[in-house]
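Engineer: Sequence plus predicted model, see below.
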Amino acid sequence: MERRAKIIATLGPSSGNEEILRKLILEGLDIVRLNFSHGSHENHLQSIELVRKLSKELHKPITILQDLQGPKLRVGKLPPEGIQLVKDQTVALTPEDVDEPLDMADSATLTLPLDVPNLARSVNPKDRILLDDGHLELEVINVVEDTVFAKVVLGGILTSNKGVNLPGTDLKIPGFTEKDKEDLEFGLKNGIDAVAISFVSGPEDVVRVKDAIREIAPYRIPPTVIAKMERPQAIEKLEEILDVTDGVMVARGDLAVETSPACVPIFQKKIIDSAYKKAKFVVTATQMLDSMINSPRPTRAEASDVANAILDGSDAVMLSGETAVGKYPLEVISMMVSIIKEAEANYHHWGYIKRHPLDQTHDDAVALTRAAGDLAFDRDVAYIAVLTQSGKTALLMSKVRPKVPILAFTPEIETFRMLSLFWGVKPYQVPHATTIEDMVAFVEEAIIASNPIQNGQQIIFVSGLPIGDMRPPNFLLLHTIGKK
């Protein structure tokens with residue numbers, strides 16, 4: 001059985017050269033993630049060009065996911081060796097970037113520069129401030145003008161540029177920064193296929209990015225927009241976010257820091273379930289095979305984690321440091337493929353998602369894709385062939401979880417490259433068709449050329465009519481190969 005769930009891998013020093021990336025693609029990589037928290041536009045352009053070159057050479061469409069940095073909150077400049085924070089010590093948090101820690105009025109108070117806009121206007125006494133992914137913790141004592149005084153709750157060594165999290169705090173800063181807009185413009189100019197938005201707080205953050213996409217590139221098929229769920233505010237507004245986004249990412253790293261590690265497994269199930277019911281793409285991410293950064297084998301807990309993400313209903317799973325900076329990027333992809341295949345082989349028994357839980361019972365497009373899934377169960381059907389302009393019909397079909405492969409056909413190059421995101425979807429680029437007869441001929445020729453199928457076997461066509469128009473699916477055809 002072919003693997004259905006897709007694999008996203010982050011490019012970095014361990015995977016960015018041509019030889020390694022070629023091997024990763026051959027091993028099973030479907031989507032390349034470019035992390036715009038790091039690297040220059042020049043570096044990312046080289047990566048985009050390399051992915052396109054290898055995709056063409058290997059005859060395998062690879063989706064490029066641009067992950068925007070978002071509003072990064074960081075510690076300012078500290079001495080190279082860092083500073084020691086001691087439990088119950090008082091620190092003064094200032095917006096100024098100083099060359100080294102300075103003593104305040106009394107020697108027990110240390111000045112700590114934070115690059116956090118509007119910090120003093122955003123926090124109150126008793127609020128928590130987490131540093132370095134939660135390894136260090138402060139509690140706000142009081143605020144004096146632009147300075148926040150806090151007590152050290154969890155101490156340790158703190159170095160420059162470490163991340164800052166403020167759980168439960170409504171920071172008065174935009175989620176879509178000027179840097180994000182510049183990066184997005186670069187990405188759209190160079191043909192990225194999907195965009196992930198960091199630190200989403202509500203639906204307005206997604207709408208802002210979609211508006212920017214329309215403004216920057218009004219004439220292209222828009223990329224898939226993915227909202228990263230990593231703040232408690234996003235969990236509270238999950239349904240509203242799902243109404244406007246194309247997909248969501250369970251970004252478990254910051255989500256655990258902003259809430260609690262104990263909450264993350266339940267949040268993961270809630271996000272995946274809600275995304276499934278609204279027919280939205282969902283990816284599970286962060287530390288999936290984290291130990292393989294330094295080890296050729298995962299822990300048993302990691303293997304269970306990946307399998308359960310698949311059984312929960314994830315469309316894709318994502319690797320970060322494992323492929324970006326890890327010692328064993330090829331082994332990581334191979335292991336991910338093996339775990340996914342094993343989980344999918346037992347999905348009928350242990351999988352959480354049932355075939356028809358989609359909420360949109362009033363939606364004709366959902367009803368039609370459901371009908372195609374039912375027909376595939378009832379008949380001896382080899383494939384479901386979806387004709388799509390924007391990719392949305394292919395996504396809907398993938399959420400039905402049919403028992404047969406989904407072959408998605410499109411004349412649009414942007415859509416062709418995007419389709420590798422979706423569960424169970426194999427993309428094809430075909431000429432524009434204007435009649436049903438042309439559509440059947442183009443699809444049948446492509447299927448026979450690249451898939452095991454014989455005369456007399458059946459395929460299901462799902463499309464919108466009139467053929468060639470960009471509209472939701474409203475047409476279903478059961479076609480027998482070789483029959484005129």
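Structural biologist: That came through fine.
Engineer: what residues go with each domain of the chain?
Structural biologist: Each structural domain of the chain that the record assigns through automatic domain parsing is listed here as a residue range: 6-70+176-350, 74-165, 364-480.
Engineer: Please state the offset of the last one from the chain centre?
Structural biologist: So that's domain 364-480. 24 Å (CA atoms, centre = their mean, to the nearest Å).
Engineer: Mean neighbour count and mean pLDDT added to the domains of the chain, as JSON lines?
Structural biologist: Where C-beta positions appear, they are placed from N, C-alpha and C, glycine not excepted. Shown next, in JSON lines, are these (neighbours: other CB atoms under 10 Å; pLDDT from 0 to 100):
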{"stretch": "domain 6-70+176-350", "mean neighbour count": "19", "mean pLDDT": "96"}
{"stretch": "domain 74-165", "mean neighbour count": "16", "mean pLDDT": "85"}
{"stretch": "domain 364-480", "mean neighbour count": "19", "mean pLDDT": "87"}
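Engineer: most centrally placed residue in this protein?
Structural biologist: Centroid check for the chain by CA atoms, centre = their mean gives residue 249 as the closest residue, at 4.5 Å.
Engineer: Now do the same for that residue: helix, strand or coil?
Structural biologist: Classification of residue 249 using DSSP: H, G, I helix; E, B strand; the rest coil returns strand.
Engineer: Which residues does stretch 208-219 contact?
Structural biologist: 68, 174-176, 180-181, 184-185, 188-189, 195, 197, 222-223, 225, 244 (CB atoms under 8 Å, 6 or more residues apart in numbering).
Engineer: Just the C-alphas of that stretch, formatted as PDB.
Structural biologist: Provided in PDB are the C-alpha atoms of stretch 208-219 (Å, rounded to 0.1, in the frame of the first residue of the first chain):
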ATOM      1  CA  ARG A 208      -4.200  40.000   7.000                       C
ATOM      2  CA  VAL A 209      -1.800  37.600   5.300                       C
ATOM      3  CA  LYS A 210      -4.400  36.500   2.700                       C
ATOM      4  CA  ASP A 211      -5.100  40.200   1.900                       C
ATOM      5  CA  ALA A 212      -1.300  40.800   1.500                       C
ATOM      6  CA  ILE A 213      -1.100  37.800  -0.900                       C
ATOM      7  CA  ARG A 214      -3.900  39.200  -3.100                       C
ATOM      8  CA  GLU A 215      -2.200  42.600  -3.000                       C
ATOM      9  CA  ILE A 216       1.300  41.300  -3.900                       C
ATOM     10  CA  ALA A 217       0.300  38.600  -6.400                       C
ATOM     11  CA  PRO A 218      -3.200  39.200  -7.600                       C
ATOM     12  CA  TYR A 219      -3.000  37.000 -10.800                       C
END
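Engineer: roughly how far out does that stretch sit from the chain middle?
Structural biologist: Put simply, stretch 208-219 sits 19 Å off its chain's centre (CA atoms, centre = their mean).
Engineer: Likewise for stretch 23-38?
Structural biologist: Shown here is stretch 23-38, whose average C-alpha point lies 12 Å from the average C-alpha point of the whole chain (CA atoms, centre = their mean).
Engineer: now stretch 226-240
Structural biologist: In terms of CA atoms, centre = their mean, the gap separating the centre of stretch 226-240 from the centre of its chain is 13 Å.
Engineer: Secondary structure class of the residue nearest to residue 62 when sequence neighbours are not counted, three-state.
Structural biologist: Among residues not flanking residue 62 along the chain, residue 55 sits closest, at 4.4 Å (CB to CB, 6 or more residues apart in numbering). For residue 55, the secondary structure call by three-state DSSP comes out as helix.
Engineer: so residue 55 makes contact with residue 25?
Structural biologist: Yes: between residue 55 and residue 25 a contact is recorded at 7.5 Å, counting by CB atoms under 8 Å.
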